[in-house]
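Undergrad: Quick one, fold the following:
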Amino acid sequence: MKLQVLICTYGNRIAGIDPDSLPQLDGVGYLISWQNPGQKVPSSAWQHLGGRNDVEIVETDSKGLSKNRNHAFDRAYAPYALIADDDTSFSRDGLVGIIEAFESDSKLELVTVRSESPKTRIYPPDGHDLAKPFKGYYTISIEIAVRMDSVRSRGWHFSPLAGIGAPYLGSGEENLFLLHAVRSGAKCRFLDFVVARHPEPTTSERAGAEASVLRAKGACLRLMRGNITALTRFPIEAMRSPAPFLTALWHYMQGYVYSIRHRKEL
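TA: Numbering: from 1, shown residues only. Below is the predicted model of the structure:
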């Protein structure tokens with residue numbers, strides 16, 4: 001096996017994973033990391049996924065999406081991995097494209113790709129160096145593929161303090177993951193092909209006015225842009241926010257301060 005698709009799910013959401021959305025391909029497997037705290041959901045919830053030797057389910061009683069993603073990393077054994085959600089479908093050509101990209105360049109450690117979703121997004125040109133910011137571009141988790149040797153040797157992980165189920169910052173975990181990957185000196189590139197389809201808006205799009213998501217934006221802006229630039233951006237971002245201006249500004253500042261206090265953990 002060359003590539004594992006790391007699907008994270010929680011509770012009875014495992015019952016909604018569609019086997020038809022997981023193409024059967026030589027060299028590709030699906031590792032489903034299932035958070036089932038308190039053993040509340042019976043194993044019968046995933047019986048519809050049985051009978052396929054390319055699907056493996058590993059259970060954890062942890063809480064929080066970032067912890068679940070880290071659990072999937074810990075259990076992965078293929079040389080390459082694609083991060084995924086439980087409502088994602090995958091392109092055969094895209095999965096093969098990821099394998100070919102890593103196989104053709106032994107120095108390539110992380111790639112981001114395209115996904116199809118309800119929102120039209122900006123992407124950089126093919127082969128873009130992710131160490132160089134591209135105006136308007138941001139990645140989401142299901143667009144990130146990694147060389148697992150780099151994950152282990154460089155200590156890459158998702159911060160448990162960010163993402164769904166985190167104590168204070170409700171999103172932004174993929175931004176922080178990519179930030180640390182780039183700053184570690186790894187070769188990270190954008191590749192212009194579609195790997196995944198996601199029918200629903202992302203957390204930031206769906207819950208953009210929620211305090212935890214606004215705080216995450218404030219924290220990520222400081223960590224990605226620096227102290228001064230982040231502060232100058234806050235009024236502009238607050239004007240664009242779905243939340244009232246002063247509410248957005250207040251929560252951005254909360255995230256800003258939180259990111260200073262917890263800078264070693266983020």
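Undergrad: which residues of this protein fall in strands?
TA: Under the criterion DSSP state E, the chain contains strands at 3-10, 28-35, 55-60, 80-85, 89-90, 108-116, 144-147, 187-197.
Undergrad: give me the number of residues near Leu49?
TA: 18 (other CB atoms under 10 Å). (C-beta placed from N, C-alpha, C; glycine too.)
Undergrad: Is it correct that it is in contact with Trp34?
TA: No: judged on CB atoms under 8 Å, Leu49 makes no contact with Trp34 at a distance of 10.1 Å.
Undergrad: picking that back up, switch the strands of the chain over to a markdown table; also include distance to Gly255, mean neighbour count and mean pLDDT.
TA: As requested, these are exported to a markdown table (distance: least, CB to CB, whole Å; neighbours: other CB atoms under 10 Å; pLDDT from 0 to 100):
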| stretch | distance to Gly255 | mean neighbour count | mean pLDDT |
| --- | --- | --- | --- |
| strand 3-10 | 23 | 25 | 96 |
| strand 28-35 | 25 | 23 | 96 |
| strand 55-60 | 27 | 17 | 92 |
| strand 80-85 | 23 | 25 | 96 |
| strand 89-90 | 33 | 19 | 94 |
| strand 108-116 | 24 | 21 | 96 |
| strand 144-147 | 22 | 24 | 98 |
| strand 187-197 | 25 | 19 | 96 |
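Undergrad: For Ser43, find the nearest of those.
TA: Among these, the nearest to Ser43 by CB to CB is strand 55-60 (8.7 Å).
Undergrad: Against which helices or strands is the closest one packed?
TA: strand 28-35, helix 65-75 (3 or more CB pairs under 8 Å, 6 or more residues apart in numbering; DSSP states H and E).
Undergrad: strands paired with the first one, and their directions?
TA: Meaning strand 28-35. According to DSSP bridges, strand 28-35 forms sheet pairs with strand 3-10 (parallel), strand 55-60 (parallel).
Undergrad: overlap in contacts of Leu49 and Trp34?
TA: In the contact map built from CB atoms under 8 Å, 6 or more residues apart in numbering, the residues linked to both Leu49 and Trp34 are Ile14, Ile57.
Undergrad: And for the closest residue to Thr9 other than its chain neighbours, the neighbour number?
TA: Ranked by CB to CB, 6 or more residues apart in numbering and with sequence neighbours excluded, the top spatial neighbour of Thr9 is Asp86, at 3.8 Å. For Asp86, the neighbour count with other CB under 10 Å is 18.
Undergrad: what residues are up against Asp86?
TA: Contacts of Asp86 (CB under 8 Å, 6+ apart): Ile7, Cys8, Thr9, Tyr10, Arg13, Ile14, Gly16, Ile17, Ile32.
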